[in-house]
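Q: show me how the following folds:
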Amino acid sequence: MRCSGKVAIVTGAAGNGMGRSIALTLAREGTSVVVNYRTSRSASEAVVERIRARGGTAVPIQADVFEETGCRALVYATIRALGRVDICIVSPGAGWHPEPPGKLTPADGLEDLRREVAPLLQLMPLVLPGMYERRWGRLIGIALHPSKPSPAYSYNLGKAARIHALLLAQDAAWAHDVTVNVIAPGPVAPIATLAQAVELCDRGLAWRERTNVSPQDIAEGVAFLCSEAGRYVTGCTIPYLCR
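A: Next up is the predicted model:
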């Protein structure tokens, strides 16, 4: 599933969840990776150092993807450091407001919608034109299993908006050989340490003996979509059903 020579932005890649595993896995497959973070500078640098120690190319870039200025700074810094953007992975999203519709405040509901959709609307005009020009690109959003909603109405609403915002862009993107897809897992437990994330990325014993969906499963799906094997896969919502 190699995708050597490509440049990827992985938003929210400094935590202990899917973003970090995606960054490690794309680097494993030969992609130069931007490890985006908002506040966790040391964690981002640790991921970058691990990738570089294994012969990969990675840079940490601080940016708040919920803000337009942050998205611009992220893309411009990526182009300065690595030349272009071929792959854009949008992961961070809504907060957690568990109130039912009758008790949810409009401000909280609208904020969840904004956090799910704003990164897409802010990043697409910045990354898609270059992908269109090169006639190669991958835009992937992390959302929510379509038939297994969370208990939180507002969270579900935001994720549904993200899915549709992505899939409605597929035709325009595919006209330029750019694919747009959604990875949609149920709840995925984090990986406690960077060392454990690396072991899973290496498909070692922890990978072979896993008993549930992990962030690494999500990362393997992303790697497939970004590879030549996924060249003709677009407009899909790929579910991962947790036990």
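Q: quick one: secondary structure of the residue of the chain most remote from its centre?
A: Note on the chain: the largest C-alpha distance from the chain mean falls to residue 102, namely 31.9 Å (CA atoms, centre = their mean). Three-state assignment for residue 102 (DSSP: H, G, I helix; E, B strand; the rest coil): coil.
Q: look up how far residue 231 lies from it.
A: Distance, residue 102 to residue 231, by CB to CB, to the nearest Å: 47 Å. For the C-beta atoms, the positions are set from N, CA and C on the backbone; glycine is no exception.
Q: go on, residue 83?
A: 22 Å.
Q: how about residue 219?
A: From residue 219 to residue 231 the distance is 19 Å (CB to CB).
Q: could you look up the SS state of residue 60?
A: Applying three-state DSSP: residue 60 is strand.
Q: which ones are touching the closest residue to it other than its chain neighbours?
A: Computed as CB to CB, 6 or more residues apart in numbering, the closest residue to residue 60 that is not its neighbour in sequence is residue 44, at 4.1 Å. For residue 44, the contact set (CB atoms under 8 Å, 6 or more residues apart in numbering) comprises 13-14, 35-37, 60, 62.
Q: for this protein, longest strand please?
A: Ordering each strand of the chain by length in residues (DSSP state E) puts strand 178-185 first.
Q: state which helix of this protein is the longest.
A: Counting by DSSP state H, the longest helix found in the chain is helix 106-134.
Q: quick check: mean pLDDT of it?
A: What helix 106-134 shows for mean pLDDT is 97.
Q: C-terminal to that helix, what's the next element?
A: Counting by DSSP states H and E, the element after helix 106-134 in chain order, helix or strand, is strand 137-142.
Q: pull the CA coordinates from that next one and hand them back as PDB.
A: Provided in PDB are the C-alpha atoms of strand 137-142 (Å, rounded to 0.1, in the frame of the first residue of the first chain):
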ATOM      1  CA  GLY A 137      -5.200  14.000  -4.200                       C
ATOM      2  CA  ARG A 138      -6.800  12.400  -1.300                       C
ATOM      3  CA  LEU A 139      -9.300  14.100   1.100                       C
ATOM      4  CA  ILE A 140     -10.400  11.900   4.000                       C
ATOM      5  CA  GLY A 141     -12.500  12.800   7.000                       C
ATOM      6  CA  ILE A 142     -13.000  10.900  10.200                       C
END
